[in-house]
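*Asks:* Predicted model follows, preceded by the sequence.
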Amino acid sequence: MTDERDKGLEERRKRLGAKLAKVRKEEREEDARDDRAEESRKGYAVAMKLSSEFISAIIVGALLGYLLDRFAGTSPWGMIVLLLLGFCAGVLNVLRSAGKVAAVHPMDRKGGENINKGDGA
């Protein structure tokens, strides 16, 4: 009787091991799908950020150009010039955010006054 009981237990343990292996495999596949979905969401978030920076720079340039034309009477030149400047600023913002153009170094903002201070030149 104990032999039959041991055989039954061994058989149940094998079935349980097979089920556990199947569940673990499914969990790994699900984790892989979740990782791919997360990467996709990150890419979408970056795309939305870059596009909103670009569009907002153009809108600000156009709005400032319109206001300049309205109050200074320079129509249509203020709108044209500031719209183009807004477009350029939008492109520069996108390139900086994407890491294609480096941000301005703090020493360059000061005019480089401390560059050769230590070498006696």
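*Replies:* Here it is on my side, so go on. Numbers count the residues shown, from 1 in each chain.
*Asks:* C-alpha only now, for contacts and for neighbours.
*Replies:* Noted.
*Asks:* distance of the spatially most central residue of the chain from Glu26?
*Replies:* Nearest to the mean C-alpha position of the chain, by Cα atoms, centre = their mean, lies Val46 at 3.1 Å. According to Cα to Cα, to the nearest Å, Val46 stands 30 Å off from Glu26.
*Asks:* now do Asp35
*Replies:* With Cα to Cα as the criterion, Asp35 and Glu26 are 14 Å apart.
*Asks:* now swap in Arg96 and tell me
*Replies:* 41 Å.
*Asks:* Between these two, which is the more surrounded one?
*Replies:* Remark: of Arg96 and Glu26, Arg96 carries more neighbours, 15 against 12, as counted by other Cα atoms under 10 Å.
*Asks:* What is the helix or strand hosting Arg70 packed up against?
*Replies:* Arg70 is part of helix 2-72 when elements are defined by DSSP states H and E. Packing contacts for helix 2-72, counted by 3 or more Cα pairs under 8 Å, 6 or more residues apart in numbering; DSSP states H and E, involve helix 77-98.
*Asks:* and the angle from the helix it packs on to helix 2-72?
*Replies:* 160 degrees (axes from the mean of the first three to the mean of the last three Cα atoms, to 10 degrees).
*Asks:* Can you name the residues in contact with helix 77-98?
*Replies:* Outside of helix 77-98, the residues within contact range by Cα atoms under 8 Å, 6 or more residues apart in numbering are 50-51, 53-66, 68-69, 101-103.
*Asks:* Any quick ChimeraX command for the buried ones out of these?
*Replies:* Typed into ChimeraX, the line below selects the buried ones among the contacts of helix 77-98, using 16 or more other Cα atoms under 10 Å:
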select :50,53,54,57,58,59,60,61,62,63,64,65,66,68,69
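*Asks:* coming back round to it: as a whole number, average confidence for the helix holding Arg70?
*Replies:* The predicted model gives helix 2-72 an average pLDDT of 90.
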